[in-house]
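**Q** this is a predicted model, with the sequence first.
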Amino acid sequence: MNRNQINKELKVFINEASFISNKCRNKLLKLFSEEFHVSLDIDNYKNVDLSILEDYKILYREDTYEADPKIKDLEDLNERYQRFEEKAKKLINRKEIDFQNKSNFKNISNLIILFCMFFVMFAAVVLGIQALFSGHFRDCIWFLVFVLPWIFPKFSSSLQVRLEQARQYIKRLLKKVK
């Protein structure tokens, strides 16, 4: 592997780690500094650029660093980079964000909340009808005038959005099953 390929891969690793978090990016830079025996100034900088120059010195945030022991040749550079690459891939794969499982969790929690909303709606209707038939007209009027207008606009819009999300989720599940 030549120096230009290594520099391109370093940028890819830094971008992937930065996408996950600054903490992950800083761990990646620590791995680099350990494998290349360089003391990098690792801090929560907004932008980080890391590359290896033609004379095998390391350019990090416009500062030049030299490995101790020095990188002798391309073979030595490749050996160090291979060790770094293995550790970097493990770090990124371990920290990688799994959007699919988070999405499934949100969809399942949406179904549970929908069930609870229907239960609350059913309980409110039952309480209103029970108050009407038992002769507690004041409770029924209070429920109709104060409670329902306060809950219903928020409840109705939230219920519609959640029903649409649940319908889309169930459609996707049925497509996967077929």
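**A** In hand now; what should we look at? Numbering: from 1, shown residues only.
**Q** spell out the secondary structure type for the residue of the chain positioned farthest from its centre.
**A** Relative to the centre of the chain, the most outlying C-alpha is that of G135, 54.3 Å out, by CA atoms, centre = their mean. The three-state label given to G135 by DSSP: H, G, I helix; E, B strand; the rest coil is coil.
**Q** low-confidence ranges in this protein?
**A** Within the chain, the segments meeting pLDDT under 70 span 44, 95-102, 151-152, 178.
**Q** now the strands for it?
**A** Assigned by DSSP state E, the strands in the chain fall at 50-52, 58-60, 63-65.
**Q** which of these sits closest to F19?
**A** F19 lies closest to strand 50-52 among those, at 15.8 Å (CB to CB). All C-beta atoms are positioned from the backbone trio N, CA, C, and that covers glycine.
**Q** what pairs with the closest one, parallel or antiparallel?
**A** For strand 50-52, the paired strands and their directions (DSSP bridges) are strand 58-60 (antiparallel).
**Q** just the residues contacting the strand it pairs with, thanks.
**A** Contact with strand 58-60 is made by 36, 38, 40-41, 48-53, 64-67, as judged by CB atoms under 8 Å, 6 or more residues apart in numbering.
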